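Peer 1: Sequence and predicted model, in that order:
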Amino acid sequence: MLHSKGHRSRVCIVKAIWALTWGVARISGERVSQYMTNPPAVLVVESEALVLTNIILHLQNVGFKVYEPTDSDNAIKMLEAHNDIRVIYTDIDTPGFMDGIKLATAVRIRWPSLRIIVTSRRPLDDLDLIPDGAIFMVKPFHYGTITRSITRLSVSYLRCIEQC
């Protein structure tokens with residue numbers, strides 16, 4: 001992990017986004033301080049080793065906690081074991097018993113409040129395959145785009161939890 005001034009400033013930017021978001025959504029020092037010390041967790045299930053490594057490093061460098069299962073079967077086990085996961089990022093071609101679409105559907109059914117990003121190198125002909133509320137992104141994408149998407153989905157998750 002990088003420990004440069006640039007790294008610290010990126011982490012501060014993510015923390016500032018969280019603080020500003022929660023300052024507007026709910027005036028609560030407790031809620032803001034919770035996310036200053038406990039960053040949101042993301043489960044990343046990706047079939048391409050280089051993309052996986054780059055996404056994990058990028059997300060960690062900007063302050064997210066990242067879980068990295070080896071396949072869809074381990075993804076379910078990690079979701080069962082870690083209740084701090086807010087967003088799941090899955091590639092359609094995920095290895096394991098389920099592909100990424102089946103994994104996303106299983107997650108939507110079992111953990112309906114989790115936010116889901118499904119990705120692929122090829123456009124999806126039938127977006128109805130993606131579970132309701134999930135986002136589909138075609139690779140390649142800019143890492144800033146994925147960071148903004150995960151940040152927004154994490155905030156959306158917390159708002160849903162508070163209102164439900």
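Peer 2: Cool, got the structure.

Peer 1: wait, is Met78 part of a strand?
Peer 2: No - counting by DSSP: H, G, I helix; E, B strand; the rest coil, Met78 is not found in a strand; it is helix.

Peer 1: Touching, it and Val44? I think so.
Peer 2: No - counting by Cβ atoms under 8 Å, Met78 sits too far from Val44 to count as a contact (10.3 Å). Heads up, the C-betas are built off the backbone N, CA and C, glycines and all.

Peer 1: what do these two both touch?
Peer 2: Tyr67 (Cβ atoms under 8 Å, 6 or more residues apart in numbering).

Peer 1: which one of these two has more residues nearby?
Peer 2: Val44 (23 against 17; other Cβ atoms under 10 Å).

Peer 1: excluding its backbone neighbours, what's nearest that one?
Peer 2: Tyr89 (4.8 Å; Cβ to Cβ, 6 or more residues apart in numbering).

Peer 1: I'd like to know how far that neighbour sits from Ile150.
Peer 2: For Tyr89, the distance to Ile150 equals 7 Å [Cβ to Cβ, to the nearest Å].

Peer 1: where do the contact lists of those two overlap?
Peer 2: Listed as contacting both Tyr89 and Ile150 by Cβ under 8 Å, 6+ apart are Val42, Ile117.
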